[in-house]
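Chemist: 3D model of this:
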Amino acid sequence: MADMNIELARHNLIEQQIRPWDVLDDQVLETVMRCPREAFVAPGQRNLAFVDMELPIGHGEHMMHPKLEARMLQALQIKPDDRVLEVGTGSGYVTMMLAHLGDQVVSVEINEELAQGAMKRLTELGVENAQVKIGDGSCGWEAEQPYDAIAITGSLSSLPEPFKQQLQIGGRLFAIIGNGPVMEAQLITRTSANEWHEQVLFETSLTPLNHQCTVTQFHF
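Modeler: Numbers count the residues shown, from 1 in each chain. Predicted coordinates for the structure are as follows:
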């Protein structure tokens, strides 16, 4: 795909997929424009980088639908001084967008090959405020806490307890909770030391997060 066609495809992605899904935040739309999604897919899949689908990236993992990525970013309302945790680095594309919006990003990926590939892409694209950790982040990532925002890029049957404790007061967490075919996208905000507010944003479905977490989980 020629560069001119890529830019047209990116424009169409925003106008035909993302805006109609109620993503109207100018910072999010600008981030989608500036972060090259096509650089995070296999060379043979560049023509599919802007298609409304979960794009396979190997090892049984997938990139989220572009409109779901954008809706997640809009919900998290990331500020320039925010410290962000991403669980499930995958290709590194969402990592780059989070880094564009926030101050520091800690991204955790359980698959070493995916983590190394993401690190390579982010380095090549000059992203300096994101670090990729190899490990299981499905119970959160205690070493780097607390966080102003947490983005979980695979679905969970329920949310492990440690996540809410790793949020700053005022911090936001986006997760897709439930078992298929219909799941709930939830925004969880820490309102005080011992209180959290849950908001169900919409129904969707997403590939489950690859994880080994077995700690006690909670439901709101």
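Chemist: and the closest residue to residue 17 other than its chain neighbours, what is it in contact with?
Modeler: Nearest residue to residue 17 in three dimensions, chain neighbours excluded: residue 67, at 4.8 Å (CB to CB, 6 or more residues apart in numbering). All C-beta spots, glycine's among them, are computed from the backbone N, C-alpha and C. By CB atoms under 8 Å, 6 or more residues apart in numbering, the contact list for residue 67 reads 17, 18, 21, 23, 52.
Chemist: okay, now the unreliable bits of the protein?
Modeler: 1-4, 212-220 (pLDDT under 70).
Chemist: which other residues reach the longest helix seen in it?
Modeler: Counting residues, the longest helix found in the chain (DSSP state H) is helix 112-124. Outside helix 112-124, the residues within contact range by CB under 8 Å, 6+ apart are 39-40, 57-59, 61, 89-92, 95-96, 99, 107, 109, 130, 132-134.
Chemist: before we move on, the earlier item: surely the residue nearest to residue 17 is in a helix?
Modeler: Yes - assessed by DSSP: H, G, I helix; E, B strand; the rest coil, residue 67 belongs to a helix.
Chemist: any idea how far it lies from residue 23?
Modeler: With the distance defined as CB to CB, to the nearest Å, residue 67 ends up 7 Å from residue 23.
Chemist: is residue 30 in a helix, a strand, or coil?
Modeler: Here residue 30 is helix, with the state taken from three-state DSSP.
Chemist: dihedrals phi and psi, residue 88?
Modeler: With angles defined as degrees, to the nearest 10, residue 88 sits at phi 100, psi 80.
Chemist: for stretch 131-145, give me every contacting residue.
Modeler: So stretch 131-145 is in contact with 83, 85, 87-89, 92, 95, 104-110, 112, 115, 118-119, 122, 150, 156, 160, 162-163, 165-166, 209-213, 215, going by CB under 8 Å, 6+ apart.
Chemist: please consider this matter closed, and thank you.
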